[in-house]
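**Q** this is a predicted model, with the sequence first.
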Amino acid sequence: MRLKVGIIGFGNMGSAIAERIKKDYPVLVVDKDKAKTNGLKVITVVDRPLDLVRNSDIVIIAVKPQDIAGLLAEIKDVVCEKIVISIAAGITTSYIEGILAGVRLIRAMPNLPARIGQGITCICKGKRVLDRDLKQALRIFSFLGKVLVVKEKMMNAVTAVSGSGPGFWAYLVESLPQDDWVRYSHKEFCPQLKDAAKKLGFSHRYASILATATMRGCLAVVKSWKITPQQLKALVASKGGTTEAGLRVLEKGGTLVEAVQAACKRAEELSGG
């Protein structure tokens, strides 16, 4: 029997997950903006989060962090014993578990290139997650690119490296001729991003995987979408966010390592750490 995957929130990442897994899973979606889910094929659209949760085996929460409190209150009575995966940035497993009693929770942080299957997603386990639940999450996110399992204390570092990394890459290559992007990415950006990841506490192996996947994802996105580095940067750098904090460091002549550290600090502030 194929497990049904319900996705609450059909924004950039929610829609990307739905589109990439719909051939392998029955997918249900709901979004408060009905225009986002008009005319979908293969994917089932439902009217309310409650209906989606009741009819799904795995529930992916893909709403904005500021909307999560209301959503959790709405679904808390029907979500017990479900597998829940949250991609809400900065929202801890302990916060969600404090509201959703008995939930088997996984937290995930995909990055922008996941939207074309060239991303990297880091996931961490909540208190009640079973090994088979983790395997399901690994399989789902493998459709979006590489997947790493990390400890939750590293999620702010993940945000800074692979989440904000595309914005830093875009800033650093935007002044270079396009013919130099690949050489620069391999020779300079990737080793520096790897160094930054190690300084935040990642092992040599994980730092290498994160940096390489982030670099390759950036190159793939600008090629696939036919966009400029400036356009990529605008997609990643939200006002007051982690990428913006790191970009300010680069604009002042700081190093990539310093930019990643600034992004991590901002991620900690945003998540209440």
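**A** Everything's here; your move.
**Q** so who does Leu130 touch?
**A** Arg104 (Cβ atoms under 8 Å, 6 or more residues apart in numbering). Every residue, glycine included, has its C-beta placed from N, CA and C.
**Q** list the contacts of the closest residue to Thr37 other than its chain neighbours.
**A** Excluding the flanking residues, the one nearest Thr37 by Cβ to Cβ, 6 or more residues apart in numbering is Val45, at 4.5 Å. Applying Cβ under 8 Å, 6+ apart to Val45 gives the contacts 28-30, 37.
**Q** same question for Glu174.
**A** Residues in contact with Glu174 (Cβ under 8 Å, 6+ apart) are 228-230, 233.
**Q** what do you get for Phe189?
**A** Here Phe189 is in contact with 169, 172-173, 215, 256 (Cβ under 8 Å, 6+ apart).
**Q** correct me if wrong, but it is in a helix.
**A** Yes. Phe189: assigned to a helix according to DSSP: H, G, I helix; E, B strand; the rest coil.
**Q** distance of it relative to Ala89?
**A** From Phe189 across to Ala89, the span is 23 Å (Cβ to Cβ, to the nearest Å).
**Q** and for Met215?
**A** With Cβ to Cβ as the criterion, Met215 and Ala89 are 22 Å apart.
**Q** pLDDT on the host helix or strand of Val59, on average?
**A** Element membership of Val59 [criterion: DSSP states H and E] is strand 58-61. For strand 58-61, mean pLDDT rounds to 96.
**Q** go on, stretch 70-81?
**A** 92.
**Q** then stretch 253-261?
**A** Average pLDDT, stretch 253-261: 98.
**Q** now Ser224: closest residue in space, sequence neighbours ignored.
**A** In space, and not counting its chain neighbours, Ser224 is closest to Ile116: 5.1 Å by Cβ to Cβ, 6+ apart.
**Q** for the residue nearest to Thr37, list each beta-bridge partner.
**A** Val29 (DSSP bridges).
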